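Asker: need a structure here:
(one chain, ligands or ions: 2)
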Amino acid sequence: MAGFDDLASERSKAQFDVEEMKVIWAGSRHTLEVSDRISRLVANDPVFRKDTRTMLSRKDLFKNTLRKAAHAWKRIIELRLSEEEAAELRFYVDEPAFMDLHWGMFIPTIKGQGTEEQQQKWLPLAYKMKIIGCYAQTELGHGSNVQGLETTATFDPQTDEFIIHSPTLTSSKWWPGGLGKVSTHAVVYGRLIIDSKDYGVNGFIVQLRSLDDHLPLPGITIGDIGMKFGSGAYNTMDNGVLRFDHVRIPRDQMLMRVSQVTREGKLVQSNVPWQLVYGTMVYVRQKIVSDASCALSRAVCIATRYSAVRRQFGLQSNGIETQVIDYKTQQSRLFPLLASAYAFRFVGEWLKWLYMDVNQRLQASDFSTLPEAHACTAGLKSLTTSATADGIEECRKLCGGHGYLCSSGLPELFAVYIPACTYEGDNIVLLLQVARFLIKTVSQLGSGKEPVGTTVYMGRVEQLMQCHCAVQKGFLELSADLVQAAVAHCQLIVVSKFIEKLQQDIPGKGVKGQLEALCNIYALFILHKHLGDFLSTGCITPKQASLANAQLRSLYSQVRPNAIALVDAFNYTDHYLSSVLGRYDGNVYPKLYEEAWKDPLNDSVVPDGYQEYIQPILKQQLRNARL
Ligand SMILES: CCCCCCCCCCCCCCCCCCCCCC(=O)SCCNC(=O)CCNC(=O)[C@H](O)C(C)(C)COP(=O)(O)OP(=O)(O)OC[C@H]1O[C@@H](n2cnc3c(N)ncnc32)[C@H](O)[C@@H]1OP(=O)(O)O
Ligand SMILES: Cc1cc2nc3c(=O)[nH]c(=O)nc-3n(C[C@H](O)[C@H](O)[C@H](O)COP(=O)(O)OP(=O)(O)OC[C@H]3O[C@@H](n4cnc5c(N)ncnc54)[C@H](O)[C@@H]3O)c2cc1C
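Answerer: Ligands and ions are numbered 1, 2, ... in the order given. Have a look, this model is predicted:
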């Protein structure tokens, strides 16, 4: 039968050791073992079913998310899961929820911006989930411009408290995940005011709801901001609105690692850079880069398997049509995305290392690599999320009409993923940060300061000094071009890190060869995409451009017999993929047919509303016909 046979025969053609590739993808044998075990645990647990998610009303959807989160927490405790295993469990449950913000932002903020005493007080409560926290930074009026936030935290020396207040409508907190219905606490970012003087934005731990009955505390107005894009998708999250009416908190609830307010109301700066107030964003951006490879690989897995099952035109001698994956146009759209998934995986791994390194240095009061870590996390977050969002949509198109069905898994994946281009920093705003970093690096070239890390290549480019002079005349005027320069810089990082990965010891028959092919596809595809820039700047000649194109075509042919095995190496369960088109067994058509009948619209043969709305029309038509 089509599907079963197709994927089995594809698998038998693979020219490399898939099990070893799984290890490379996972990062280590240990990580593969953990992720494999936990993914099966989730897949086999009926509470974690997600096949009806797109059909539920918002209230039912949200309640179901609460149920899953509570069950996940119960399993984590019962099975004594480690932090790594718990994070895998969250990943495979595959549903955005308040837990993400509690573990992913609230706790890291206290760790990164709290003093030792503050950490000792708050972290045990947070780890045991005796309190649930969120990250309340963005307001109705300002998200990108953090320094423009309007919430105030005014020190009252009489009572040794801060008064948290929302002075305007636009100062309402707006968007924080987990805030709308669940969180008991938040890290709230607001302007520190002492003695009528504004000291800029700082973080404060504020209790929002009673720990007894979950009602908002006095002075607090709180709710959900409403439905978001798509069905299911990010609507499992209670993104919230929050207003303060002169809410008082003790002085020691200002996060004081960066600066302290004394009992007397004096502001004391510590030796850490003030930018550490932005530290959680660096951490989360790094995580988002790793997540990009997961989302893209998931879409690519679905589109690749389905492309091998789907046949259109081109009747062959054996009487069957051509698999659409054999069309060169399909390959030229699909294989660069496959290569991107691997490229983002490896750059994500590197970024994780970079983040750990900068953190260790911060502990030892070495702040020198913070600007580069900020530029890398901001730039790569922007590049990988934009490419992934576009890539998921391309995968939908690669699956033709069936890709538009919710049962393909692609519409919900797209809807849940696209806000990644906006949250944790709008992608253009983040690229402008990278551009500023690049300009700063160039401006220091003449002063004898050698560029290091990801900017080391700048020392070799003589024309850069002239660029700097030109940019000095008008950063804003040139910002659209500077954004392109920032993208190019980030692409260079992605390609370099892929090449560095290939220099490591890579065991397994044929594994290294496949990765080399993917690395070359990624690099040549980027070159192909920006051919105009490469040609107009004289970086390559027209002859080289056409050679590169020919090479790309030949690489597609090299990857073709291995395509299914390359997506099998992601080791995704059918539960995680939640796609009829991406099923491991390729049994697409019978299952699509079966799925259709499960739609509630098919519960009755004659639909609700027939008598009120269809029958009268038909009767009217009959009368008209007689006239
Ligand atoms: C046991 C376990 C159990 C359970 C397991 C469960 C496990 C679950 C685990 C799940 C985990 C999943 C993860 C969570 C998922 C979350 C989902 C996402 C949610 C989304 C959250 C959000 O969406 S949350 C809001 C993010 N909102 C922004 O993203 C604002 C952007 N806006 C800015 O970020 C600033 O506004 C902007 C533009 C820089 C201008 O900043 P500005 O006005 O101050 O002006 P400047 O540009 O002048 O910057 C001044 C100087 O600061 C430097 N600098 C700037 N940023 C810096 C930085 N970050 N670090 C260092 N340095 C930085 C810069 O380079 C300048 O340096 P210099 O002066 O030396 O040149
Ligand atoms: C699903 C989701 C979850 C979120 N979760 C949280 C959360 O948990 N906590 C939290 O605090 N926030 C959260 N946010 C808010 C999020 O961080 C902000 O929406 C994001 O930082 C973008 O800011 P903005 O909305 O102000 O966009 P804006 O800055 O208003 O962007 C609008 C447009 O203006 C452009 N623009 C803005 N500034 C410039 C500039 N200087 N130069 C050129 N162009 C510019 C942008 O590129 C964009 O095209 C969430 C948002 C979403 C969508």
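Asker: surely L502 meets V511?
Answerer: No - assessed by CB atoms under 8 Å, L502 is found out of contact with V511, at 10.5 Å. Every residue, glycine included, has its C-beta placed from N, CA and C.
Asker: Show me which of these two is the more surrounded one.
Answerer: A count of neighbours by other CB atoms under 10 Å puts V511 above the other of L502 and V511, at 20 against 14.
Asker: got the contact list for the more buried one?
Answerer: When contacts are counted by CB atoms under 8 Å, 6 or more residues apart in numbering, V511 touches F16, D17, E20, M21, I24.
Asker: How about D574?
Answerer: D574 is in contact with A43, G582, R583, Y584, counting by CB under 8 Å, 6+ apart.
Asker: ok, now with 10 Å
Answerer: Taking CB atoms under 10 Å, 6 or more residues apart in numbering, we find D574 in contact with A43, G409, V580, G582, R583, Y584, D585.
Asker: got it, and S183?
Answerer: Applying CB under 10 Å, 6+ apart to S183 gives the contacts 98, 101-102, 106, 131-136, 176-177, 207-209, 222, 238, 240, 242.
Asker: who in the stretch 401-550 of the chain is up against ligand 1?
Answerer: Neighbours of ligand 1 within the stretch 401-550 of the chain, by CB under 6 Å from any ligand atom: Y423, E424, G425, V429, Q433.
Asker: domains of this structure?
Answerer: Residue ranges for the domains of the chain, per automatic domain parsing: 132-277, 278-585.
Asker: For the residue of the chain found nearest ligand 1, which three-state class applies?
Answerer: Residue nearest to ligand 1 within the chain (CB to the nearest ligand atom): G104, separated by 2.7 Å. Three-state secondary structure (criterion: DSSP: H, G, I helix; E, B strand; the rest coil) places G104 in helix.
Asker: What pLDDT does the model give it?
Answerer: We note a pLDDT of 98 for G104 in this prediction.
Asker: so it sits right up against R285, yeah?
Answerer: No - with contact defined as CB atoms under 10 Å, G104 and R285 do not form a contacting pair (11.6 Å).
Asker: Which of those two has more residues huddled nearby?
Answerer: Neighbour count, other CB under 10 Å: between G104 and R285, R285 has more, with 25 against 20.
Asker: Please produce TSV containing the residues of the stretch 401-550 of the chain next to ligand 1, extended by distance to E393, neighbour count and pLDDT.
Answerer: Listed next are those as TSV, based on distance: CB to CB, whole Å; neighbours: other CB atoms under 10 Å; pLDDT from 0 to 100:
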residue	distance to E393	neighbour count	pLDDT
Y423	18	17	98
E424	21	24	98
G425	21	24	98
V429	22	15	98
Q433	26	18	98
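Asker: which one of those residues is nearest K121?
Answerer: The closest of these to K121 turns out to be E424 (CB to CB; 27.2 Å).
Asker: if I pick the closest one, what's in contact with it?
Answerer: So E424 contacts 105, 135, 280-285, 287-288, 377-378, 381-382, 385, 430 (CB under 10 Å, 6+ apart).
Asker: same check, this time on E394
Answerer: Listed by CB under 10 Å, 6+ apart, the contact partners of E394 are A299, V300, A303, R333, L334, P336, L337, A387.
Asker: quick one: which of those has the most company?
Answerer: Among the contacts of E394, A303 has the most neighbours (other CB under 10 Å), with 32 neighbours.
Asker: For Q503, see how far away it is.
Answerer: As judged by CB to CB, to the nearest Å, A303 and Q503 stand 30 Å apart.
Asker: cool, E477 as well?
Answerer: Distance of E477 to Q503, given as CB to CB: 41 Å.
Asker: So if I had to pick from these two, which one is more boxed in?
Answerer: Shown here are E477 and Q503; by other CB under 10 Å, E477 has more neighbours (11 against 7).
Asker: Do you know the pLDDT at that one?
Answerer: In this model, E477 is scored at 93, pLDDT.
Asker: Let's verify it: helix, strand, or coil?
Answerer: The three-state label given to E477 by three-state DSSP is coil.
Asker: and the helix ranked longest in the chain, what does it pack onto?
Answerer: Longest helix of the chain, by residue count under DSSP state H: helix 328-363. Packing partners of helix 328-363 (3 or more CB pairs under 10 Å, 6 or more residues apart in numbering; DSSP states H and E): helix 18-26, helix 107-113, helix 279-309, helix 370-398, helix 479-502, helix 511-529, helix 542-559, helix 563-568.
Asker: what residue ranges in the stretch 101-250 of the chain are flagged as low confidence?
Answerer: Counting by pLDDT under 70, the stretch 101-250 of the chain shows no low-confidence range.
Asker: Go again with 90.
Answerer: Applying pLDDT under 90 to the stretch 101-250 of the chain flags residues 231.
Asker: got any residues that touch both of G104 and R285?
Answerer: Shared contacts of G104 and R285 (CB under 10 Å, 6+ apart): none.
Asker: ok so I164 is a strand residue?
Answerer: Yes - the assignment for I164 by three-state DSSP puts it in a strand.
Asker: interface residues of the stretch 351-500 of the chain facing ligand 2?
Answerer: Residues of the stretch 351-500 of the chain lying near ligand 2 (CB under 6 Å from any ligand atom): P419, T422, Y423, E424, G425, D426, I428, V429, L432.
Asker: so where does D212 fall, helix or strand?
Answerer: Following DSSP states H and E, there is no helix or strand that holds D212.
Asker: For the residue of the chain closest to ligand 1, list the residues it contacts.
Answerer: By CB under 10 Å, 6+ apart, the contact list for G104 reads A87, R90, Y135, G177, G178, T280, Y283, V284, K287, I288.
Asker: what's the neighbour count on the fifth one?
Answerer: Translated: G178. Neighbours of G178 under the rule other CB under 10 Å: 27.
Asker: correct me, but it touches M105?
Answerer: Yes - taking contacts as CB under 10 Å, G178 lies within contact range of M105: 8.8 Å.
Asker: re the thing from before, please go through the contacts of S183 and note which also touch ligand 1.
Answerer: The overlap between those and the neighbours of ligand 1 (CB under 6 Å from any ligand atom) comes to Y135, G177.
Asker: Show only the entries of the contacts of S183 found in helices.
Answerer: Applying DSSP H to these, the entries found in helices are F98, L101.
Asker: picking up where we left off before, just the contacts of D574 now: which is nearest ligand 2?
Answerer: Distances from ligand 2 to the contacts of D574, taken as CB to the nearest ligand atom, are shortest for G409 (19.8 Å).
Asker: Go ahead and confirm that closest one touches L577.
Answerer: Yes - at 6.0 Å, G409 counts as touching L577 under the criterion of CB under 10 Å.
Asker: Find the residues that touch each one of the two.
Answerer: Contact criterion CB under 10 Å, 6+ apart; residues shared by G409 and L577: R298, A299, C301, I302.
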